[in-house]
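Peer 1: Predicted coordinates and the sequence they were generated for:
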Amino acid sequence: MARILVIGGGIAGTAAALGLRKAGHDVAVFEAHPDTAEDIGAFLTLAANGMRALAQIDATDAVTAIGFPLTSLRLLDDRGGEVARAPLAGADDPALRYRCLRRGELNAALQAEAVRRGTPLRHGARLVAVDAGADAVTARFSDGSCATADLLIGADGLNSAVRRLVVAPAARPRYAGQRVYYGYTDTVPVPGETGAITMVRGSAAAFGYAVSPTGETYWFARVAAGPRTAAGPRPAGGAPDPAPADLRGELLPLLREDATPAGDIVAAGDGSVMATDATELPLGTPWRAGRVLLVGDAAHAASPATGQGASMALEDAVVLAKALRDLPDPRTALTVYEHHRRPRAEHNITVSGAISRGARTPARDIPAAPGAPREVDALNRLLDWDTPLPGLPRTER
């Protein structure tokens, strides 16, 4: 049994705690925010791979109790006509179906599940220093308290204090070429059935929406920087967030260029609207230093264009838990973990960034060996809790 500190109580941190505890380790979680309400207004989708990862750490029931399932994808052109429809991966399995849910609700559900299983979770613990020695690592917090363990996992997001203090002080998130808007509408019916996510190929914005079983429409828009748009990185620090009416004012003229449902959906909403810059971490950003490891967005934040951020964090949690369960010592375990996770995570950064910038999406290499497993099969084996995690290939030892 290893003693492990997890810094960050969001999706990556609580999922890592659930996996590490299942693997038999002594885990404690420290979250800087005073409650679970961070990003309560934004929503996300968990894809089938994320749902599969949740199942490996026995968290399916906790998550399917919130949000709603998505089973099909519709694609509309700039005149609102349907040009394609297809089932989403996992549509025939209730445990693997895509799920649409608010980020804050997912955080709260995973935190509650971790606490229910006996994991200490402390809110309001803001990390200010890390002392990493040969045999242990100590986290120091702004209230003067500290905690010491065998390993420290930095799961504290895009602006990670662990990354800044220990692992990669020079690494900085960079603008990925788009502004992303999120909102909700419950006052107007829109085309599309419950259980489908509809994507709209607009002239000036990519738009997507899903209708909940209660009739509420969850929507997002991605707007690339350019001379006709207001998009571009907002000034860092100091400036207050624009009012919802101002954000709608930025977005609606772009959506109204096309004869799609997008403009009506956004105009009819009377709730909050959020906007954030799409950001990413550079490829090759270090993930570990001695007894300290980064996971989730702290290690490999990507623009949201592929919709894989939360699912990637859940994959991290499973593979890390298996590495520390199956391999002989922590240093080897972290090396093997990075071997398995970095290529997939960095491919997601590349693909998502290309979509955000309007560039051609790079393809994955096709396995050359006859009979080589398809990528999804290899991922499923990697995530399967009862399948031992492969070690390093002989050429990398």
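Peer 2: Done, it's in. Numbers count the residues shown, from 1 in each chain.
Peer 1: and the one helix or strand residue 249 maps to, average pLDDT?
Peer 2: In the assignment (DSSP states H and E), residue 249 maps to helix 244-255. For helix 244-255, mean pLDDT is 90.
Peer 1: Going forward, count from 41.
Peer 2: All set: I'll call the first residue 41, so the last point we hit is now helix 284-295.
Peer 1: Averaged pLDDT, the helix or strand following it. What do you get?
Peer 2: For helix 284-295, the following helix or strand on the C-terminal side (DSSP H and E) is helix 302-308. Averaged over helix 302-308, pLDDT sits at 92.
Peer 1: hey, where'd the helices end up in the stretch 191-340 of the chain?
Peer 2: 201-202, 284-295, 302-308, 337-340 (DSSP state H, counting those that start in this stretch).
Peer 1: what sits up against the shortest one?
Peer 2: Applying C-beta atoms under 8 Å, 6 or more residues apart in numbering, the set of residues contacting helix 201-202 from outside is 47-48, 72, 166-168, 170, 192, 194, 196, 332, 334, 338. The C-beta positions use only the backbone N, C-alpha and C, and glycine is treated the same way.
Peer 1: how does it look with 6 Å?
Peer 2: 47, 167, 194, 196 (C-beta atoms under 6 Å, 6 or more residues apart in numbering).
Peer 1: now do the second one
Peer 2: Contacts to helix 284-295, defined as C-beta under 6 Å, 6+ apart, come from residues 221, 244-245, 261, 270, 302-303, 306, 312-313, 315.
Peer 1: circling back: dump the helices of the stretch 191-340 of the chain into a markdown table; add distance to residue 88 and mean neighbour count as well.
Peer 2: Compiled in a markdown table, those are given as follows (distance: least, C-beta to C-beta, whole Å; neighbours: other C-beta atoms under 10 Å):
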| stretch | distance to residue 88 | mean neighbour count |
| --- | --- | --- |
| helix 201-202 | 30 | 24 |
| helix 284-295 | 30 | 17 |
| helix 302-308 | 26 | 21 |
| helix 337-340 | 20 | 29 |
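Peer 1: do you know which of these lies nearest residue 151?
Peer 2: Among the helices of the stretch 191-340 of the chain, helix 337-340 comes nearest to residue 151, with 17.0 Å by C-beta to C-beta.
Peer 1: moving C-terminal of the closest one, what's the next helix or strand?
Peer 2: Later in the chain than helix 337-340, the nearest helix or strand by DSSP H and E is helix 349-366.
Peer 1: in that following helix, what counts as buried?
Peer 2: The neighbour-count check on helix 349-366 (16 or more other C-beta atoms under 10 Å) flags 349-366 as buried.
Peer 1: Could you list the buried residues of the helix or strand following that helix?
Peer 2: Under the assignment DSSP H and E, the closest C-terminal helix or strand after helix 349-366 is helix 370-397. For helix 370-397, burial by neighbour count (16+ other C-beta under 10 Å) applies to 370, 372-382, 384-397.
Peer 1: how far out from the middle of the chain is helix 370-397?
Peer 2: 13 Å (C-alpha atoms, centre = their mean, to the nearest Å).
Peer 1: do the same with stretch 382-398
Peer 2: Worked out by C-alpha atoms, centre = their mean, stretch 382-398 lies 13 Å from the chain centre.
Peer 1: Sticking with residue 68, tell me its helix or strand.
Peer 2: Per DSSP H and E: strand 66-71 holds residue 68.
Peer 1: Give the other helices and strands that the helix or strand following that strand contacts.
Peer 2: Downstream of strand 66-71, the first helix or strand assigned by DSSP H and E is strand 83-86. With contacts taken as 3 or more C-beta pairs under 6 Å, 6 or more residues apart in numbering; DSSP states H and E, strand 83-86 sits against strand 138-142, helix 349-366.
Peer 1: distance between the shortest one and the chain's centre?
Peer 2: Between the mean C-alpha point of strand 138-142 and the mean C-alpha point of its chain there is a distance of 12 Å (C-alpha atoms, centre = their mean).
Peer 1: Tell me the strands beside it, with direction?
Peer 2: Here strand 138-142 is paired, per DSSP bridges, with strand 83-86 (antiparallel), strand 108-110 (antiparallel).
Peer 1: Next SSE downstream of the first one?
Peer 2: Along the chain past strand 83-86, the next helix or strand (assigned with DSSP H and E) turns out to be helix 88-96.
Peer 1: Tell me what angle that following helix forms with helix 349-366.
Peer 2: In terms of direction (axes from the mean of the first three to the mean of the last three C-alpha atoms, to 10 degrees), helix 88-96 departs from helix 349-366 by 40 degrees.
Peer 1: which residues are in contact with helix 88-96?
Peer 2: Helix 88-96 is touched from outside by 100, 103, 129-130, 135-136, 350-351, 354-355, 358, 423, 425, with contacts defined as C-beta under 6 Å, 6+ apart.
Peer 1: Looking at residue 313 now. What's its pLDDT?
Peer 2: On the pLDDT scale, residue 313 gets 88.
Peer 1: Spit out the contact partners of it.
Peer 2: Contacts for residue 313 (C-beta under 6 Å, 6+ apart) come out as 223, 284, 287-288.
Peer 1: Try it again at 10 Å.
Peer 2: Going by C-beta atoms under 10 Å, 6 or more residues apart in numbering, residue 313 touches 81, 221-224, 259, 261, 282-288, 290-291, 306.
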